[in-house]
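Student: pasting the structure only:
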């Protein structure tokens, strides 16, 4: 195997050189992101159908969400994407302390996001808005009257499912970030090799952009109409 | 003796923790064979029930569980992984001249995910089985079924991730790991077919995952995503389900088409006719396959206009399919056809797939479908595609590459006999079902009117022959592992990188990594070289004496 002549400790046996290995990882990651898009695509499709069918009910149900918290969370998550991008940049230029710092910042922002999300879930639970036998609809001032309570419940099924799957992806992201941090601490990365940082960065941005779609779809269905 | 992938490490751990794509292929081979025979056994049982018009062997509920077991096992645990996970895993890296797939660990993970899914399916079986049919239609699966739907659906959900990982690995490997000189249009058509399949897998399977997840939420938490009483829409489930499951038909048949392309070239010792057309027809099938799911729902309360469009696009699928069949036939034309097991499987595939494909046009025609929907005609049609097409291709491929995979030859006579038995048994089983369906016998009932008995007896008789045709290879292939003749590197005079390495190949596939300088299926040059070699030996001989 002559092609193994230029050895790098990071090079796995199946690849000829580091660029090939990096290219494979990147393509694999993008293909994985495509599967994620299709996965969410299915539920976005179902969402579209019911939002079309039950627009007034979904508007009313959506107005019960705390859009200020949602907006703040959007800010938190977008900022975490920024720090993630800084982390990749730091890794690319071999600045390991900056890499570690930015991974930690990303993690903290991510945890903040999920914390706020949990608080939101808790308030929904307090108000009896968790679907199932405990679901209890009571209109709040400033929201339209509705009669089809089932449709409002359906909105909350989608709210909890979509944000739940999203939060689950965040939790996986925490695990990945912690692994990255440990690896960075152990000196696994250098300007020559930082592919995992880049790949997890891509994952993090995907989770981020999903929220960018989820926030308006769930929180802002028809808020511009003031009642 | 030189070590090969089979002798490099003999411990159990060296197999269970292997990153070697060839060993993982063997692990898959063993597992899917098990599931195939479980599914096949269920089929044998319900064919026995259908021998007589009255329901005398099983209760209706038991019958429902049997055909569901058959469907779930065969579709999700045998057909979907069959060619990609066994032959694709084994051959794809070798065919493109790579040491392994791009992500060996993911490949191993995909196998264990598959096993985990299999365990879920077995748990569902132990809990008493599932009676919804393999399609899990709501509200059968949500409101009305008190069987182990959750465990089975979890199994299907998990199995999806296994095929996603395989598909992802194939796509990346084909893009980045090709040997020097192995351009896209020098790739064997098997690789093109695997690539097209992988595209469908990564685009379709996630949608199945979310669908099954929503179904699970509905069942576990009693919410009404697909329940009309709670505002949900049961037809939405069908849309989401078929968005994956119709393309899944192509996940099951495209890889076998790839196998046939390889076999047909070797059987005729000729270039595949119209290489580019065969390659692009795989991609065309992959693309069109995503736009036809509505043809499963012509009578489900779908808009008439949607029906028109789905009907039209479904018929378009016939074009790339026909291109393949015509091109394979043209390849055989004036070829020097070798009469061996692989050739018989190729011919069987061509005949059965053609019937399956043409009857698909009947079903794509809305007016005809209204009459034939949910009858045995549909059952016969998709078995002609999935068993007549995919399983024939899979078995043909297993025979063709068996010497390469195991280093042993199988007994040719029994190989031909099995191909013949499968072909005859298959037709006897499923051709009467076309007639039954046309006459109006609905699928999924354990009893039927007396006048259908004759055709059902024929079908059951055929199923027995078919069963024999499947057990036979199991016996002689296992026999060959110990007693078969040692295989040469290229027993069939086939052309392709996999035939240039030893049988079985070394762990990293090649002793010297290959450089490709010739187009795919360059059988002509190969034949000339063989002749020159033979002549040079003939010339040398007298000198020795």
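Tutor: Arrived safely, thanks for sending. Please read all numbers here as calculations on a predicted model, not as lab measurements. Numbers count the residues shown, from 1 in each chain, chains lettered A, B, ... in the order given.
Student: Ends of stretch B:220-239, what's the gap?
Tutor: In stretch B:220-239, first residue to last residue: 22 Å (Cα to Cα, to the nearest Å).
Student: Is any residue of it near chain A?
Tutor: Yes. For stretch B:220-239, a contact with chain A is found by Cβ under 8 Å from any Cβ of the partner chain, at B:221, B:222, B:223, B:224, B:225, B:229, B:230, B:231, B:232, B:233, B:236. For the C-beta atoms, the positions are set from N, CA and C on the backbone; glycine is no exception.
Student: Let me see the mean pLDDT of the host helix or strand of residue B:398.
Tutor: According to DSSP states H and E, residue B:398 maps onto helix B:392-406. For helix B:392-406, the per-residue pLDDT values average out at 97.
Student: before we move on, what about stretch B:182-196?
Tutor: This predicted structure assigns stretch B:182-196 an average pLDDT of 97.
Student: swap in stretch B:58-71?
Tutor: Summarised as a single mean, pLDDT over stretch B:58-71 is 93.
Student: ok now that stretch, how far from the chain's centre?
Tutor: Distance of stretch B:58-71 from the chain centroid (Cα atoms, centre = their mean, to the nearest Å) equals 23 Å.
Student: Could you do stretch A:20-39 as well?
Tutor: In this view, stretch A:20-39 has its centroid 17 Å away from the chain centroid, taken as Cα atoms, centre = their mean.
Student: Tell me how far the helix or strand harbouring residue A:209 lies from the chain's centre.
Tutor: Under the assignment given by DSSP H and E, the secondary-structure element containing residue A:209 is helix A:195-219. Helix A:195-219 has its C-alpha centroid displaced from the chain centroid by 4 Å (Cα atoms, centre = their mean).
Student: For it, list every residue counted as buried.
Tutor: A:195-208, A:210-211, A:214-215, A:217-219 (16 or more other Cβ atoms under 10 Å in any protein chain shown).
Student: what's the angle from the helix or strand following the helix holding residue B:398 to helix B:392-406?
Tutor: Tracing the chain C-terminally past helix B:392-406 and defining elements by DSSP H and E, one meets helix B:412-439 next. Here helix B:412-439 runs at 160 degrees with respect to helix B:392-406, directions being taken by axes from the mean of the first three to the mean of the last three Cα atoms, to 10 degrees.
Student: What helices and strands are in contact with helix B:412-439?
Tutor: For helix B:412-439, the contact count by 3 or more Cβ pairs under 8 Å, 6 or more residues apart in numbering or on different chains; DSSP states H and E identifies helix B:341-364, helix B:376-383, helix B:392-406, helix B:453-483 as packing neighbours.
Student: One more pass at 6 Å, please.
Tutor: If you count contacts as 3 or more Cβ pairs under 6 Å, 6 or more residues apart in numbering or on different chains; DSSP states H and E, helix B:412-439 packs onto helix B:341-364, helix B:376-383, helix B:453-483.
Student: closest one to residue A:113 among those?
Tutor: The closest of the helices and strands packed on helix B:412-439 to residue A:113 is helix B:376-383. By Cβ to Cβ, the value is 46.5 Å.
Student: How about residue A:90, nearest residue that isn't a chain neighbour?
Tutor: Using Cβ to Cβ, 6 or more residues apart in numbering or on different chains and skipping the chain neighbours, the partner closest in space to residue A:90 is residue A:98 (3.7 Å).
Student: Determine the three-state secondary structure at that neighbour.
Tutor: Residue A:98 falls in the helix class when you classify it by DSSP: H, G, I helix; E, B strand; the rest coil.
Student: Relative to chain B, how far out is it?
Tutor: For residue A:98, the distance to chain B equals 29 Å [Cβ to the nearest Cβ, to the nearest Å].
Student: Give me the distance between that residue and residue A:88.
Tutor: 11 Å (Cβ to Cβ, to the nearest Å).
Student: So between those two, which is more surrounded?
Tutor: residue A:88 (19 against 15; other Cβ atoms under 10 Å in any protein chain shown).
Student: And that one, what's its pLDDT?
Tutor: With respect to pLDDT, residue A:88 scores 97.
Student: ok, and for the helix or strand hosting it, which residues are buried?
Tutor: When secondary structure is defined using DSSP H and E, the element that contains residue A:88 is helix A:67-92. Within helix A:67-92, the residues that count as buried by 16+ other Cβ under 10 Å are A:67, A:70, A:73-74, A:76-77, A:79-81, A:83-84, A:86-88, A:90-91.
Student: any idea which of the residues you listed is least confident?
Tutor: By predicted confidence (pLDDT), the lowest-ranked of those is residue A:67, with 93.
Student: Find the nearest non-adjacent residue to that one, please.
Tutor: On the basis of Cβ to Cβ, 6+ apart, the spatially nearest residue to residue A:67 that is not a chain neighbour turns out to be residue A:219, at 4.5 Å.
Student: Test my guess that that neighbour contacts residue A:70.
Tutor: Yes. The pair formed by residue A:219 and residue A:70 meets the contact definition of Cβ atoms under 6 Å, at 4.2 Å.
Student: From the chain's centre, how far out is stretch B:433-444? Work that out for me.
Tutor: On the basis of Cα atoms, centre = their mean, stretch B:433-444 is displaced by 25 Å from the centre of the chain it belongs to.
Student: Repeat that for stretch A:107-115.
Tutor: How far stretch A:107-115 lies from its chain's middle: 11 Å, per Cα atoms, centre = their mean.
Student: contacts for that stretch?
Tutor: Identification of contacts with stretch A:107-115 by Cβ atoms under 6 Å, 6 or more residues apart in numbering or on different chains yields A:73, A:76, A:77, A:79, A:80, A:167, A:170, A:177.
Student: Let me see the contact set for the second one.
Tutor: Read it as residue A:76. For residue A:76, the residues meeting the contact criterion (Cβ under 6 Å, 6+ apart) are A:109, A:112, A:113.
Student: Now the last one: which helix or strand?
Tutor: For residue A:113, the element it lies in under DSSP H and E is helix A:96-126.
Student: Now the helix or strand just after that helix: average pLDDT?
Tutor: Beyond helix A:96-126 in the direction of the C-terminus, DSSP H and E gives the next helix or strand as helix A:149-185. Model confidence over helix A:149-185 averages 96 on the pLDDT scale.
Student: For burial, what's the neighbour tally of residue B:465?
Tutor: 19.
Student: sorry, that was for residue B:533
Tutor: By other Cβ under 10 Å, 10 other residues sit near residue B:533.
Student: Could you check how far it is from residue A:135?
Tutor: In this view, residue B:533 and residue A:135 are 80 Å apart by Cβ to Cβ.
Student: Quick one: find the helix or strand in chain A with the lowest mean pLDDT.
Tutor: With mean pLDDT, DSSP states H and E as the measure, the helix or strand of chain A carrying the lowest mean pLDDT is helix A:55-62 (a mean of 93).
Student: do that helix and chain B meet?
Tutor: No. Against chain B, helix A:55-62 shows no contacts by Cβ under 6 Å from any Cβ of the partner chain, the least distance being 8.5 Å.
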